[in-house]
Structure formats: C-alpha cells, structure tokens
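A.B. asks: sharing a sequence plus its predicted fold:
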Amino acid sequence: MHAAVYRGGSVVSVEQIPTPVIGSGEILIRVEACGICHTDLKKIEYNLLAPPRVYGHETAGVVVAVGSGVTKFRPGDRVVAFHHIPCRQCFYCQRKIYAQCPVYKKVGITAGFEPAGGGFAQYVRVMDWIVDAGVEKIPDGISFERATLVEPLNTCLKAVVQCDPQPEDLVIILGQGPIGLMFTMLIRRTGARVAVSDTIDARLELASQCGAEFAWDPRKVDVAAEARRLTDGRGADLVIVAASVPGIVEQAMACSRPGSRILLFAQTSATERIETSGADLCVGERTLLGCYSASIDLQQESAKLVFGGEIPVEALISHRLPLVKIRSGFDLALHPGPKSLKIIVQPQRWS
Ligand SMILES: [Zn+2]
Ligand SMILES: [Zn+2]
C-alpha cells in the first residue's frame, strides 16, 4: 500500500510499505479520508518524535477485515476511529483527566512503524482497546470527509465544557482556522455572545456566518478596546486562544476582564514560550486553562453533532487532496491562503 512516511528532518515521503496485518480483536480499515491537523504538522515541522512514523489521526474509512473475537464490526462497515482511548481506571481517569492517562497516551492505530495514527496511508490497523471503545459507525448518507471532523470537534467540545460559558457572556476566540471556527459554532449554541479575530478576511466572513456577532482583524481593530466597549469597560468573560503566534497570550490577557478565564488551545509545542504579567493573573484573579485532545465522555455527543448536521462542519473543508499531494496540503495548512481551511487527504485517490 502507499503511505506518507515521516522520515525526520521535516521530510514526509509517499512510499510503498506493507499493508498492516491484524491480530485477534483488531480491525483493518481502508482509509477513505483523513484530516490534516496542526498537532501532526508541528510534530513533522519541529521533529518532535523520532522517525519513521505515519501520522494522521482524523481517520474515516471502511472496515475490510476483522480479527477473531470482533463482533461489533464487520467488513463493509463505514467507520470513524479515535487513535487514543483511556483506561478509565487510573488516577487521571478517575478524575476524568483522560488525556493524561498512560493508556490514553498510547496510540492505538497504525499504518506501520511506531504507532502514530496512520491515517495518511491507504490502510490502518486498529488495535483491540480502540476497537472496543474508540470506533463509531458513520450513518448512511454522511461523507467520510465530514466524519473525519468528529475527533477535532470532540477536542473543541471538551474545551467548551471545561470553560462552561454562560448565556450573555462575551467570549472572544483568537484565531479562526478550522479549530477556531468550530469554537465559534459551539460557543454560539451555549447562548454566549461570540467575538472573533483573524487576519484572513474569508475566515472572518465565515465566522460571521457561523454565529460570530463581531469579527475583527487585529491589524485594523483594537480587540481589547472593543472587548471593553462591549462590556461596560470590563473585558471578555472568556478568551479562547486558537492560534499560536508570538504575543497572542498577552493579547488574550489584554482583552479579558478581571476574574475571567483564558483557555490555551493551540500552544502544543514544548519549545514555545509565552509571556504575560503575573499581576494580571494574581491581582486580576484570572484563570489560565489548558485543554488538549478529546474526551471519551463526549464521543457520542460529538458524533451526533457532526452526523446530525447541527454543527455545519462541512463548511470548514476547503481542500480534498490525494495522498501524493500531501506535502502541498501541509504547506497550505502551515501557510493558509485566503480560502484554505480544513484540508482532507483521500488516500484511495490518485489524482
Ligand atoms: Zn487533531
Ligand atoms: Zn487511565
């Protein structure tokens, strides 16, 4: 089969590698669509993990083989698969901090080599503990591309649940890439007011269509001043940082009110440093939160929101590319053009 193999030094090459072999309790999926996610891009661009690996973890496809003992799935089932599933028993799981569970950190889907998701390949092997709890069937009539968005939507929903915005709160979302736009859609349905910022006009337009009451270009608008203007001089009740550019956390602080929450969602690189005033946190009684990855408790709800169409995630898909063009997909995701948003790789396509 063909796979996009990370070879180190930021290099990803499309190569022929053996189709994975499954064991008992496992399933083999023919990958029809896999989203390009910034966490994978960072691992590739900054060489965060040792090569070789096949990345890609927003994976949807068709079950083509099942190992002995598998009763939940059969060949022909259309499915979407999560690459991490927690043990539900350890210290962290008991406290529902699933992403810190040692079992959760183990990747359970692979196209070969050290398991790393494998979705940027034609076939993936899904290991037994993922088959048990981390695979959802895709209803008839729902495209594989839409189904790939269940996992990223789950990560955003988890953050929204954690932040618990209240009706009438002013929530500012910095960054309106695919993740920022999902936040816009999800925050909107809580009844809170949404204001967003981004430097790409098309993203601001889409944000307005997705429910943002205010959509600002931070180069033209003083976001902090606008936030205060809309809140009797206080500032935003919640700020979600959905982009990672230098100075963005300071900007988030500047537009937040005393006693507010600031959520870091895009700061996934251990080498990135943030600077902010300690007094804004201490004297200003602000809470700085982090949130990462998906929650198994929200898996069903995320699937329902995506499949049922309540959250119109398909509007976020801008490009569908064959595997051989994956490098240009990475470039587009790293350096978005005026129209690029979510980029989906379709490994069964040749052109
Ligand atoms: Zn992701
Ligand atoms: Zn656990």
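C.D. replies: Okay, I see it. Ligands and ions are numbered 1, 2, ... in the order given.
A.B. asks: do stretch 259-273 and ligand 1 meet?
C.D. replies: No. On the criterion C-beta under 5 Å from the ion, stretch 259-273 is out of touch with ligand 1, staying 9.6 Å away. C-beta here means a position set from N, CA and C on the backbone, and glycine is covered the same way.
A.B. asks: now that stretch: buried residues?
C.D. replies: 260-268 (16 or more other C-beta atoms under 10 Å).
A.B. asks: closest to ligand 2 out of those?
C.D. replies: Of all those, residue 268 has the smallest distance to ligand 2: 20.8 Å, by C-beta to the ion.
A.B. asks: starting at the chain centroid, how far to stretch 196-208?
C.D. replies: 19 Å (C-alpha atoms, centre = their mean, to the nearest Å).
A.B. asks: now do stretch 319-329
C.D. replies: Worked out by C-alpha atoms, centre = their mean, stretch 319-329 lies 18 Å from the chain centre.
A.B. asks: can you check stretch 144-158 too?
C.D. replies: 7 Å.
A.B. asks: so for it, mean pLDDT?
C.D. replies: What stretch 144-158 shows for mean pLDDT is 97.
A.B. asks: what about it, how long is it end to end?
C.D. replies: End-to-end distance for stretch 144-158, by C-alpha to C-alpha, to the nearest Å: 23 Å.
A.B. asks: over to stretch 122-129?
C.D. replies: Note: stretch 122-129 ends 22 Å apart using C-alpha to C-alpha.
A.B. asks: what segments of the stretch 1-150 of the chain are strands?
C.D. replies: 2-8, 11-16, 27-35, 58-66, 78-81, 109-110, 123-126, 135-137 (DSSP state E, counting those that start in this stretch).
A.B. asks: relative to residue 184, which of those is closest?
C.D. replies: Closest to residue 184 of the strands of the stretch 1-150 of the chain, according to C-beta to C-beta: strand 27-35, at 18.0 Å.
A.B. asks: any residue of that closest one touching ligand 1?
C.D. replies: No. Strand 27-35 lies out of reach of ligand 1 by C-beta under 5 Å from the ion, never closer than 7.1 Å.
A.B. asks: quick one: least confident of the buried residues of stretch 259-273?
C.D. replies: residue 268 (88).
A.B. asks: what sits against that residue?
C.D. replies: By C-beta atoms under 8 Å, 6 or more residues apart in numbering, the contact list for residue 268 reads 38-39, 42, 244, 292.
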